[in-house]
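**Student:** For reference, the sequence and a predicted model appear below.
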Amino acid sequence: MTTTPTTPSERSAHARHGYSSLQIAFHWSVVVLVVANWFVGQGMSEVFEAREAGEPLTQWGPAFVHIALGIAIFGTMVARLLTRLNRPVQTAPDSKHKIMALLGKINHWAFYAVLLVMPPLGLIAWFTGSEAFGGLHSLLAWVLVLLIAAHLGGVIVHLILGENILRRMVRPTAGS
């Protein structure tokens, strides 16, 4: 049976095992921004390739939207990282699945790395016309897809095991 934490130290310990409202807002904002950017990514690639081929460009829209969303992702991820460093979230001490906890931690930090590196690579590719940086940016987009698949797979496995960890990213920890 779970009891409601009543003392400040109990609330502090409890809060470390859940996410704050701000952390949840950052998470879902990044989800929406990444999904939106994925859909305009192909249009950006076409604009980039046409520009490199010296073709006249009449449809700059996808490029500007992709760049704006990428900058928004970067800014949100910086804020999210600073918030995470200021308020770490730990695996519940009674978690039976230590390997899954480790894999989850690796997956989360890989998200931070990829989502903080991709936007600068994309900007460098765009402003220098570098196909190498563009290729790295595109490769990381596929790495991101794999990270998302692993992340969602982990959530499903936890649900099958009877652990509703999704609740932590939907409902903030009390008092946060």
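**Tutor:** Everything's here; your move.
**Student:** Next up, identify which helix or strand Gly18 is on.
**Tutor:** Using DSSP states H and E, Gly18 sits in no helix or strand.
**Student:** Number of residues surrounding the nearest residue to it once chain neighbours are set aside?
**Tutor:** Nearest residue to Gly18, sequence neighbours excluded (CB to CB, 6 or more residues apart in numbering): Thr173, at 3.1 Å. The way it works is simple: take the backbone N, C-alpha and C, and place the C-beta from them, glycine included. Applying other CB atoms under 10 Å, we find 20 other residues in the vicinity of Thr173.
**Student:** before we move on, what SS does Thr173 have?
**Tutor:** coil (DSSP: H, G, I helix; E, B strand; the rest coil).
**Student:** Tell me how far it lies from Ser138.
**Tutor:** 37 Å (CB to CB, to the nearest Å).
**Student:** which residues in this structure form helices?
**Tutor:** With DSSP state H, the ranges of helices along the chain come out as 8-15, 21-52, 61-86, 98-128, 131-160.
**Student:** need those helices in a markdown table with mean pLDDT, can you?
**Tutor:** Output for those, formatted as a markdown table (pLDDT from 0 to 100):
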| stretch | mean pLDDT |
| --- | --- |
| helix 8-15 | 50 |
| helix 21-52 | 92 |
| helix 61-86 | 95 |
| helix 98-128 | 93 |
| helix 131-160 | 94 |
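**Student:** can you list those helices in TSV and add mean neighbour count?
**Tutor:** Below are the helices of the chain laid out as TSV (neighbours: other CB atoms under 10 Å):
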stretch	mean neighbour count
helix 8-15	13
helix 21-52	16
helix 61-86	17
helix 98-128	16
helix 131-160	15
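**Student:** and of these, who's closest to Arg168?
**Tutor:** Proximity to Arg168 (CB to CB) singles out helix 21-52 among the helices of the chain, at 8.5 Å.
**Student:** I'd like the distance from that closest one to the chain centre, please.
**Tutor:** 11 Å (CA atoms, centre = their mean, to the nearest Å).
**Student:** go on, stretch 123-135?
**Tutor:** Distance, centroid of stretch 123-135 to centroid of chain: 22 Å (CA atoms, centre = their mean).
**Student:** contacts for it?
**Tutor:** Phe48, Arg51, Glu52, Ala63, Ile67, Gly70, Ile71, Leu121, Gly122, Leu136, His137 (CB atoms under 8 Å, 6 or more residues apart in numbering).
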